[in-house]
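[1] Below is the sequence, then the predicted model.
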Amino acid sequence: MKEVVLVIALALTGCITPPAIMKAGESRVWLGEFPPGSQLVEIPVDDGERLRGVFVPADDGAPVVLHLLESQGSVTGGTVGIRGYPVLWDLCDRGFSSLAVDYRGVGASDGARSPRHLRDDARAAWSEAVRRAGGDPHRVIIRAMSIGTLAAATLLDGGAEPAAVVLIAPVRGETVATNYAYEMYADVFAFLVTPFLRATVDVDIVSVLAHSKVPLLVESPAKDFLLLPDEMALVESSVRAARGRFVRGDGLDHVALVLEAHRVLDDEASVYATTLGGRPWPPIQPRVAEVLSHLSDADAARFAPGTATRARLESVVASHRLEPPALAAALALATDAGDDERRQGLVDWTRSLPADRLRELPLDVLAALVDLADSSGALDVMELDVLSGFARGAAIASSAPGLPERLAALAVEKRFDRCALVRPRNARGIFRYAIEEIDLDGPLDPAATVPPRLRLARSDALREAVRMLLKGAAIPDRVVASNRIEVWDAGAWRPLEMPGIQAHAGVTSR
């Protein structure tokens, strides 16, 4: 009955604008969640209202990426509470500045939420991005997700000429509300309501993309309930007509792709690498020089041009700006800082550690802290990140001497060794179950579900757990002869005293 009343009301009032811009975020931008040097931005729009967000500066003369967010996106913490928008960190690391603001009525911005404001909001943000790029639109890249792809289309439709456009999980203004209704509500109700829905945004993204003259990358999920197969084919044809690149994400739906795009996607990295006419960006050698300036002469000499360590340092600084700068040199020296994905995980983890503590450490000791090498295989950076919060909490709770020993004891007390009988790799980690205090006293037979090659001996499991807790508390460690763990304490390496623990798991301290 309610549905019928609603349909009659819609018929009497004409048609309605669908609620395509959703409530998200908070009323304040917390700059501490963004890279150092980030600035609060306020952009005036109609009726004295202001869009608010953040500008993240990178290297001098850096191009600017304008972010047009998804429907539930907000720089104050939008989609599933994601804060700090990790992609802003990623791009800053790669040498690109970013401008991201909330749409009107969302998060920190003034006004009422409505897709009718999307065109004007996008134009105001574009003008600010161009200003931040020194007035040169060809030094601005538009990066848009979901409903933001329609905002991007309005800019292109209005004559904007950016250096490139990256669209992730595109939708069509004519059908996105209808497709959403059929996915989320009963078919009969959707059938009755959708004839009264206006186009979400008055722009034909298919036509706009087909006539675009700028470099295009469009990434769509393999299957999208907001962009049906025939519509996806239209978008793909228009992108290819404009000599752009169309990519389908394997095994992802609309929401999963948007969530994944809170980091730089693999396919878009090439867009940023070529946006300045093929000139390399970011400028590697100035970044290397900055790192070396923070090292002693003896340490800097270890990164002489032509050496393997110099090549690794150049690789690190090409995609990461780290604080303290010596951390980049430490990653270049670590015997196992991992592949690109693991190294990114390490970088994310180090940003949770106190920078002042890291600055105190000699270069080789800092390298030991970030080294994942272990005799049973490299430590899992995902589980390192999980255990770090627990370890830091233990460190805060106890400021007395002997913290390394207490962390080692916790590895047994909390049964991390029992949990570590299998290495989780890329699956949800067994360590996490321990932190959630799931009962581990019952029988555990990982062989039934876990390949034998992932099984760990109890001594290896305990050693890994101890090392992860130490690293999580920013205590450098190393494994020396006879499986002995040493820790950096009071300016020197010393054996980790583990009485009783060695007998439990075969780990020696001397």
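    Received it, and whenever you're ready, just let me know what you need.
[2] Quick check: residue 334 vs residue 99, distance?
    With distances taken as C-beta to C-beta, to the nearest Å, residue 334 is found 34 Å from residue 99. Glycine gets a C-beta too; all of them are placed from N, C-alpha and C.
[3] Ok, residue 488 next?
    From residue 488 over to residue 99 the distance is 41 Å, taken as C-beta to C-beta.
[4] Looking at the two, which one has more neighbours?
    Neighbour count, other C-beta atoms under 10 Å: between residue 488 and residue 99, residue 99 has more, with 25 against 22.
[5] My read is that the more buried one contacts residue 51, right?
    No. When contacts are counted by C-beta atoms under 8 Å, residue 99 is not listed as touching residue 51 (10.5 Å).
[6] who touches both of the two?
    Counting by C-beta atoms under 8 Å, 6 or more residues apart in numbering, the common neighbours of residue 99 and residue 51 are 41, 125.
[7] Point out where the stretch 151-300 of the chain drops to low pLDDT.
    Where the stretch 151-300 of the chain drops to pLDDT under 70, the residues are 183-200, 275-280.
[8] again, 50 this time
    188-194, 196-197 (pLDDT under 50).
[9] where do the strands sit along the stretch 51-200 of the chain?
    64-68, 97-101, 140-145, 164-168 (DSSP state E, counting those that start in this stretch).
[10] wait, the chain
    39-44, 50-56, 64-68, 97-101, 140-145, 164-168, 216-221, 245-249, 477-480, 484-489, 492-495 (DSSP state E).
[11] Ok, which of those strands comes nearest residue 307?
    strand 477-480 (23.1 Å; C-beta to C-beta).
[12] average pLDDT for that closest one?
    Across strand 477-480, pLDDT averages out at 91.
[13] tell me how far that strand is from the chain's mean position?
    Centre-to-centre, strand 477-480 and its host chain are 31 Å apart (C-alpha atoms, centre = their mean, to the nearest Å).
[14] ok, and for that strand, which residues are buried?
    477, 478, 479 (16 or more other C-beta atoms under 10 Å).
[15] Give me the pLDDT for the nearest residue to residue 101 once chain neighbours are set aside.
    Of all residues not flanking residue 101 in the chain, residue 53 sits nearest, at 3.0 Å (C-beta to C-beta, 6 or more residues apart in numbering). Looking at residue 53, its pLDDT is 95.
[16] ok, and what's touching stretch 356-368?
    Contacts for stretch 356-368 (C-beta under 8 Å, 6+ apart): 295-296, 299, 324, 326-327, 329-331, 333-334, 350, 369, 474, 476-478, 488.
[17] follow-up on the earlier one: export the strands of the stretch 51-200 of the chain to a markdown table and tack on distance to residue 209?
    Below are these laid out as a markdown table (distance: least, C-beta to C-beta, whole Å):
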| stretch | distance to residue 209 |
| --- | --- |
| strand 64-68 | 15 |
| strand 97-101 | 23 |
| strand 140-145 | 12 |
| strand 164-168 | 8 |
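[18] about what we covered before: just the buried ones among the contacts of stretch 356-368, please.
    Buried members of the contacts of stretch 356-368, counted by 16+ other C-beta under 10 Å: 295, 299, 324, 326-327, 329-331, 333-334, 350, 369, 474, 476-478, 488.
[19] Could I get the strands of the chain in CSV, plus columns for distance to residue 408?
    Below are those laid out as CSV (distance: least, C-beta to C-beta, whole Å):
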stretch, distance to residue 408
strand 39-44, 44
strand 50-56, 40
strand 64-68, 44
strand 97-101, 42
strand 140-145, 45
strand 164-168, 45
strand 216-221, 45
strand 245-249, 43
strand 477-480, 10
strand 484-489, 8
strand 492-495, 11
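[20] Residue 401 is nearest to which of these?
    Between these, strand 484-489 lies closest to residue 401; by C-beta to C-beta that is 8.6 Å.
[21] Can you list the buried residues in that closest one?
    For strand 484-489, using 16+ other C-beta under 10 Å, the buried residues are 484, 485, 486, 487, 488.
[22] Can you spell out which helices and strands pack onto that strand?
    Judged by 3 or more C-beta pairs under 8 Å, 6 or more residues apart in numbering; DSSP states H and E, the packing partners of strand 484-489 are helix 403-413, helix 458-472, strand 477-480, strand 492-495.
[23] pLDDT weak spots in the stretch 351-500 of the chain?
    Along the stretch 351-500 of the chain, the model assigns pLDDT under 50 to residues 417-454.
[24] what do you get if the cut-off is 70, keeping everything else the same?
    Using pLDDT under 70, the stretch 351-500 of the chain drops low at 395-400, 412, 414-458, 482, 499-500.
[25] how about the helices of the stretch 251-400 of the chain, start to end?
    254-260, 266-274, 284-293, 297-300, 308-319, 326-333, 340-350, 355-360, 363-370, 381-397 (DSSP state H, counting those that start in this stretch).
[26] Could you export the fourth one as CSV, CA atoms only?
    Only the C-alpha atoms of helix 297-300 are listed here, as CSV (Å, rounded to 0.1, in the frame of the first residue of the first chain):
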residue,chain,number,x,y,z
ASP,A,297,79.3,10.4,4.9
ALA,A,298,80.2,6.8,5.5
ASP,A,299,76.6,5.6,5.1
ALA,A,300,76.0,7.8,2.0
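[27] so how many other residues sit close to residue 38?
    21.
[28] How confident is the prediction for it, by pLDDT?
    Taking residue 38 on its own, its pLDDT is 94.
[29] so what's it up against?
    31, 54, 55, 56, 57, 88.
[30] do you know how far the fourth one is from residue 93?
    Going from residue 56 to residue 93 by C-beta to C-beta gives 11 Å.
[31] Compare these two (neighbour count), which wins?
    The residue with more neighbours, out of residue 56 and residue 93, is residue 56; 26 against 21, by other C-beta under 10 Å.
[32] Relative to residue 149, how far out is that one?
    The value you get for residue 56 to residue 149, if C-beta to C-beta is used, is 22 Å.
[33] gap between residue 390 and residue 250?
    For residue 390, the distance to residue 250 - C-beta to C-beta - is 34 Å.
[34] which of these two has more neighbours?
    residue 390 (20 against 7).
[35] isn't that one right up against residue 473?
    No. With contacts counted by C-beta under 8 Å, residue 390 stays clear of residue 473, the gap being 9.4 Å.
[36] nearest spatial neighbour of residue 111, skipping sequence neighbours?
    Per C-beta to C-beta, 6+ apart, closest to residue 111 is residue 104, 3.7 Å.
[37] what about that neighbour, distance to residue 53?
    Taking C-beta to C-beta, one finds residue 104 at 12 Å from residue 53.
[38] just residue 65 next, same as before
    On the measure of C-beta to C-beta, residue 65 and residue 53 end up 13 Å apart.
[39] What count of nearby residues applies to the closest residue to residue 294 other than its chain neighbours?
    Of all residues not flanking residue 294 in the chain, residue 325 sits nearest, at 4.5 Å (C-beta to C-beta, 6+ apart). By other C-beta under 10 Å, 17 other residues sit near residue 325.
[40] can you pull the contacts of residue 325?
    With C-beta under 8 Å, 6+ apart, residue 325 has these contacts: 290, 291, 293, 294.
[41] Equivalent analysis for residue 260, please.
    If you count contacts by C-beta under 8 Å, 6+ apart, then residue 260 has 249, 252 around it.
[42] isn't residue 149 right next to residue 166, touching?
    No. Residue 149 lies out of contact with residue 166 (C-beta under 8 Å); the separation is 9.6 Å.
[43] Settle it for me: which of these two has more neighbours?
    residue 149 (31 against 27).
[44] Setting the sequence-adjacent residues aside, check what's closest to the more buried one.
    residue 170 (4.1 Å).
[45] Would you quantify the distance from that neighbour to residue 139?
    For residue 170, the distance to residue 139 - C-beta to C-beta - is 24 Å.
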